[in-house]
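Chemist: predicted model follows, preceded by the sequence.
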Amino acid sequence: MDGRPVGFGVLAGLAVLTRLDLVVFLVPLALSSAALRRRLPTAVGVAAAVSLPWFAWSWWVFGSAIPDTFAIKTVQRSFGPWTFGNGPLLYLERDALATWVAFAPALAGVLALAVWGVARLKGRGALRAELAPAVALGVAGIAYYAVYMLLRVPPYQWYYVPVLVALSTSLCVLIGAGLRGNRVWRRAVALPAVALVALLVIGNGVADVRGGVPWRVPVIFGNWATPGDYAQAGKGLGDRIGAATVVSPGEIGTLAYFCQCSIVDAFADRGSAVPLIEARLAAAGPAVGALLDLNYRRLDRNRPPRPAQYRLVWEPGPADGPDQWQTWSPASGVGRLRLEALPPG
């Protein structure tokens, strides 16, 4: 989209509709192009025309322009001592090989950006126009990591994907630029690049097949149960409660699909999300608090949670009684989903 402000604006608008936090990538990418910088108002105007109608509708009708997940996830803060900042250490503790394979290209991307920056400062490398977006993408990946650290959210593994993709892509482009450079750059880049690729190919192969194929679960897995266990429990739960409403144990998707019943949590029931939104507003500083207060100005704060007749609880240990379904996962071992009745009201 270099030099095409309308096209860039359309993609930028679609990007923030997909994930609002992708704006962290859009700004550096737009500024990395001289042609886009000259026509930045056009690009911004088109992006606003694409995205603002939905945000305005959401604010007016649903009581929030942004997803409630912002409040829900930032209230969660951490998994015990593990936050987004130190989260890679959690996955390193669980599965060192898979974590190294996942993060190595991103770490190498940070190193490549540092080398490029030093070369620029010493006047030994020019930022050719075709390299500017790749450098901006890598810098945005680092900025994205910093933003999520400041948000203080738990280390859900998919939160790291934009960082890994951005820095890995930046690395690939910078390696290619080095291999097209003079003899000194080619020699400096070729051997480390070949060694990194070889290690990644070997590491990926071992990490992917060591547990057998086809996979029962993804290589990096954090759920309490496998999809098969959740499917079996969901079918049993549906037969047991029928049309009643049950409070989620914390993981809901596969259970709800196979139960075909009403499983609710803060993501599925707006009334259950209101206390978390209020807690986020109470914890916000003056600037963020003012923005969140404006965002939730039309929120129905009196909306009660949906009445539920049951609660499903996950616990470690094997099933040992009625209304229990045994589960297993590599992250949590043997556990059980236990159904308990809630008092009326």
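Modeler: Thanks, I have it.
Chemist: in this structure, which spans are strands?
Modeler: Taking DSSP state E as the criterion, the chain carries its strands at 245-247, 262-264, 310-316, 324-329, 333-341.
Chemist: residues contacting the last one, please?
Modeler: Residues from elsewhere that reach strand 333-341, judged by C-beta atoms under 8 Å, 6 or more residues apart in numbering: 224-225, 233, 237, 240-241, 246, 249, 309-321, 323-329. Where you see a C-beta, it was placed from the backbone N, CA and C, and this is true even at glycine.
Chemist: can we see that at 10 Å?
Modeler: 224-225, 229-230, 232-234, 236-237, 240-241, 244, 246-247, 249, 251, 255, 309-329 (C-beta atoms under 10 Å, 6 or more residues apart in numbering).
Chemist: may I have it as PDB, with CA atoms only?
Modeler: Taking C-alpha atoms only, strand 333-341 is exported to PDB below (Å, rounded to 0.1, in the frame of the first residue of the first chain):
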ATOM      1  CA  GLY A 333      -3.000 -33.300  34.400                       C
ATOM      2  CA  VAL A 334      -6.000 -35.200  35.600                       C
ATOM      3  CA  GLY A 335      -9.000 -33.100  36.700                       C
ATOM      4  CA  ARG A 336     -12.700 -33.100  36.900                       C
ATOM      5  CA  LEU A 337     -15.600 -30.900  36.000                       C
ATOM      6  CA  ARG A 338     -18.100 -30.900  38.900                       C
ATOM      7  CA  LEU A 339     -21.700 -29.700  38.600                       C
ATOM      8  CA  GLU A 340     -23.300 -28.100  41.700                       C
ATOM      9  CA  ALA A 341     -26.700 -26.600  42.100                       C
END
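Chemist: off-centre distance for that strand?
Modeler: With C-alpha atoms, centre = their mean, to the nearest Å as the basis, strand 333-341 stands 28 Å off its chain's centre.
Chemist: likewise for stretch 146-155?
Modeler: On C-alpha atoms, centre = their mean, the centre of stretch 146-155 falls 11 Å from that of its chain.
Chemist: swap in stretch 63-76?
Modeler: 14 Å.
Chemist: kindly report the same for stretch 131-142.
Modeler: Relative to its chain's centre, stretch 131-142 lies at 19 Å (C-alpha atoms, centre = their mean).
Chemist: filter the contacts of strand 333-341 down to the buried ones, PyMOL style.
Modeler: Per 16 or more other C-beta atoms under 10 Å, the buried members of those correspond to this PyMOL selection:
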select buried, resi 224+225+229+230+232+233+234+236+237+240+241+246+247+249+251+255+310+312+314+319+323+324+325+326+327+328+329
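Chemist: where exactly do the helices run in this structure?
Modeler: 5-18, 23-31, 34-38, 40-57, 69-76, 87-94, 96-121, 132-151, 161-179, 183-209, 227-241, 253-259, 270-283, 286-295 (DSSP state H).
Chemist: take those helices and write them to TSV, including mean pLDDT.
Modeler: TSV is the format used below for the helices of the chain (pLDDT from 0 to 100):
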stretch	mean pLDDT
helix 5-18	96
helix 23-31	94
helix 34-38	90
helix 40-57	96
helix 69-76	90
helix 87-94	92
helix 96-121	91
helix 132-151	94
helix 161-179	93
helix 183-209	89
helix 227-241	93
helix 253-259	92
helix 270-283	91
helix 286-295	91
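Chemist: and Pro318, what does it touch?
Modeler: 324, 326-328, 334-336.
Chemist: ok, now how distant is Asp293 from Leu281?
Modeler: In this structure, Asp293 and Leu281 are 6 Å apart, going by C-beta to C-beta, to the nearest Å.
Chemist: can you list residues touching both of those two?
Modeler: With C-beta under 10 Å, 6+ apart as the test, Asp293 and Leu281 both reach Leu299.
Chemist: if we can go back for a sec, closest one to Tyr156 among the strands of the chain?
Modeler: Closest approach to Tyr156 among the strands of the chain (C-beta to C-beta): strand 324-329, 15.6 Å.
Chemist: what pairs with the closest one, parallel or antiparallel?
Modeler: strand 333-341 (antiparallel) (DSSP bridges).
Chemist: got a markdown table for the strands of the chain, with mean pLDDT and distance to Leu20 too?
Modeler: Listed next are the strands of the chain as a markdown table, based on pLDDT from 0 to 100; distance: least, C-beta to C-beta, whole Å:
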| stretch | mean pLDDT | distance to Leu20 |
| --- | --- | --- |
| strand 245-247 | 94 | 28 |
| strand 262-264 | 92 | 25 |
| strand 310-316 | 95 | 30 |
| strand 324-329 | 94 | 31 |
| strand 333-341 | 94 | 33 |
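Chemist: as CSV, those strands with distance to Ala119 would be great.
Modeler: Below are the strands of the chain laid out as CSV (distance: least, C-beta to C-beta, whole Å):
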stretch, distance to Ala119
strand 245-247, 57
strand 262-264, 55
strand 310-316, 52
strand 324-329, 46
strand 333-341, 50
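Chemist: to Gly45, which of the ones you listed lies closest?
Modeler: strand 262-264 (40.7 Å).
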